[in-house]
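> just need the structure, nothing else, for what follows:
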Amino acid sequence: MKTLVLISAAAMLVTFTSPAWAEPYAPKVDVPEEMLEPTHPNAFDAMMTKNARVPSREEVGIPPYPGAEIVHTQQPSGATVNGKEITPNHMISMGSAHPVDRVLDFYRRELSGWSETKKMGIHVLYQGQGEFELMDASSMTTPHVQVRKAYPEESPVMPGMETVIEVYYRP
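A predicted model of the protein is given here:
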């Protein structure tokens, strides 16, 4: 009987502490069903959003911008940079109808100990000190948030998106 109670308690612990029950990082964009039709011109974007894996807030460890919605996610398993094997950050791409300055103010408050730079028109807040270069091995493994103005018609699944927020994190 003790064994059964212990097994039941262990099963409940695993079930109720599982990431599947954790709070999702942010909501996904609600893709209209007609966009999912294979003949729709934006079907690929719609499927990327619909099939995006949404991690938990605990897994990401970087706060989501309030009201932002997930457009797509990436979970790379590995990469080779200059002959060196690395495990790159996972990424969540979100959109917001708010202006860049408002989104930046939020992340500056929430990530107050992080460094900040601007590269190629992209605002970057990153964990740690020193230089940060986009697309090099260190940026692929350093947790950071990129914030920039959305291009017109950048995301057909999220009309009205003014700001793109990309969160790069270590799971």
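> return the set of residues that bridge with the nearest residue to residue 165 once chain neighbours are set aside.
Leaving aside its chain neighbours, residue 165 sits nearest to residue 94 (4.5 Å; criterion: C-beta to C-beta, 6 or more residues apart in numbering). Every C-beta, even on glycine, is put in place using the N, C-alpha and C of the backbone. Beta-bridge pairing of residue 94 under DSSP bridges involves residue 70, residue 165.
> show me where this structure has its strands.
Taking DSSP state E as the test, the strands found in the chain are 69-74, 79-81, 84-86, 90-96, 115-119, 122-126, 144-149, 163-169.
> can you tell me which residues contact the residue nearest to residue 165?
26, 64, 65, 68, 69, 70, 71, 164, 165, 166, 167 (C-beta atoms under 8 Å, 6 or more residues apart in numbering).
> was I right to think the third one contacts residue 105?
No: using C-beta atoms under 8 Å, residue 65 is not in contact with residue 105; the gap is 10.3 Å.
> tell me which of these two has more neighbours.
residue 65 (22 against 12; other C-beta atoms under 10 Å).
> list the buried residues in stretch 150-167.
150, 155, 156, 157, 158, 161, 163, 164, 165, 166, 167 (16 or more other C-beta atoms under 10 Å).
> same thing with stretch 91-108?
Across stretch 91-108, burial judged by 16+ other C-beta under 10 Å covers 92, 93, 94, 95, 96, 98, 100, 103, 104, 106, 107.
> tell me how far the third one lies from residue 41.
I take that to be residue 94. Distance of residue 94 to residue 41, computed by C-beta to C-beta, to the nearest Å: 23 Å.
> repeat for the fifth one
Taking C-beta to C-beta as the criterion, residue 96 is separated from residue 41 by 24 Å.
> which stretches of this protein form helices?
2-17, 43-50, 57-60, 100-110, 137-141 (DSSP state H).
> how many other residues sit next to the nearest residue to residue 58 once chain neighbours are set aside?
Closest residue to residue 58 apart from its sequence neighbours, by C-beta to C-beta, 6+ apart: residue 22 at 5.5 Å. Other residues within reach of residue 22, judged by other C-beta under 10 Å, total 13.
> tell me the contacts of residue 22?
56, 57, 58, 59.
> I'd say the last one and residue 167 touch.
No: the pair formed by residue 59 and residue 167 falls short of the contact definition of C-beta under 8 Å, at 11.3 Å.
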